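Student: Structure here, sequence nowhere to be found:
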């Protein structure tokens, strides 16, 4: 038996869930800018209360590790680490893009094509990867600038569903008969439930002290030009 707190903060969605043996039993989330720092711990408390659990009942903490928003990931991982230290519980790190693909397959269980999660990385750049229907990685996670030639080779012989906030802005340039787009939010902690349970059962934990989010790109602080 495994009861796991799950945290997803890689995008503008702030999401917390509780799962039991791979099934979500409580979920609280909201999509808004700059709410993670003030809302995440409140959301965790709310899902604990909804599930009727005490923190002593928790077996592990799972966090969406990225790629994604630098600030959002930092808040999510810091909160997850704090819980693990306080409760003396293991930490599970879930790939954000794989989690999104898992959510799509839950929503579309009979889909047989490929899934391409995309997280907005400003302008026409996205954090993305390609997964088959069994959630196996077809192409590695990368930061890509999207144009009309992107994914042309894959789309020539495969149906591909593009999902996530990055896919929304790329829809106009990825016009192809084999391309489809979903506006469903898959950046939700509920989509971590199966993956986090599998990781728990296999004892795939990360070092609480040394684990860092998968930012993919270095955070660059720029100074505004003087007027």
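Tutor: Okay, I see it. Values in this document were obtained by computation on a predicted structure and should not be read as measured data.

Student: Give the burial count for residue 176, as a bare number.
Tutor: Residue 176 is flanked by 14 other residues according to other CB atoms under 10 Å. Using the backbone N, CA and C atoms, a C-beta is placed for each residue, glycine as well.

Student: ditto for residue 141
Tutor: 20.

Student: wouldn't residue 32 be in contact with residue 11 here?
Tutor: No - under the criterion of CB atoms under 8 Å, residue 32 makes no contact with residue 11, lying 11.0 Å away.

Student: Counting neighbours, go ahead and name the busier of these two.
Tutor: Taking other CB under 10 Å, residue 32 and residue 11 do not tie; residue 11 has more neighbours (25 against 10).

Student: With adjacent residues omitted, what lies nearest to the more buried one?
Tutor: Once flanking residues are discounted, residue 11 sits nearest to residue 187: 4.7 Å by CB to CB, 6 or more residues apart in numbering.

Student: Looks to me like that neighbour is in a strand.
Tutor: No - checked against DSSP: H, G, I helix; E, B strand; the rest coil, residue 187 lies outside a strand; its state is coil.

Student: gap between it and residue 66?
Tutor: Counting by CB to CB, to the nearest Å, the gap from residue 187 to residue 66 is 12 Å.

Student: hey, what's in contact with both of those two?
Tutor: Among the neighbours of residue 187, those also in contact with residue 66 (CB atoms under 8 Å, 6 or more residues apart in numbering) are 10, 96.

Student: Run through the chain and note the low-pLDDT ranges.
Tutor: Low-confidence regions of the chain, defined by pLDDT under 70, span residues 218-227.

Student: which residue ranges form the strands in it?
Tutor: Counting by DSSP state E, the chain forms strands over residues 3-8, 13-20, 23-31, 60-64, 91-94, 114-120, 125-131, 137-145, 160-163, 179-181, given from the N-terminal end onward.

Student: Contacts only, for residue 98.
Tutor: Each residue near residue 98 by CB under 8 Å, 6+ apart is listed here: 117, 129, 131, 135, 137, 195.

Student: how near is the residue lying closest to residue 75 once chain neighbours are set aside to residue 25?
Tutor: Spatial nearest neighbour of residue 75, chain neighbours left out: residue 36 (4.5 Å); criterion: CB to CB, 6+ apart. Counting by CB to CB, the gap from residue 36 to residue 25 is 23 Å.

Student: Distance check, residue 83 against residue 67.
Tutor: Here residue 83 is placed at a distance of 22 Å from residue 67 (CB to CB).

Student: These two: who's more crowded?
Tutor: Each of residue 83 and residue 67 has its neighbours counted (other CB under 10 Å); residue 67 has more, 25 against 21.

Student: if I read this right, the more buried one contacts residue 96, doesn't it?
Tutor: Yes - counting by CB under 8 Å, residue 67 touches residue 96, with 6.3 Å between them.

Student: Can you work out which residues contact both of those two?
Tutor: Taking CB under 8 Å, 6+ apart as the contact criterion, the common neighbours of residue 67 and residue 96 are 10, 119, 214.

Student: what sits against the last one?
Tutor: Read it as residue 214. Counting by CB under 8 Å, 6+ apart, residue 214 touches 65-67, 73, 95-96, 141.
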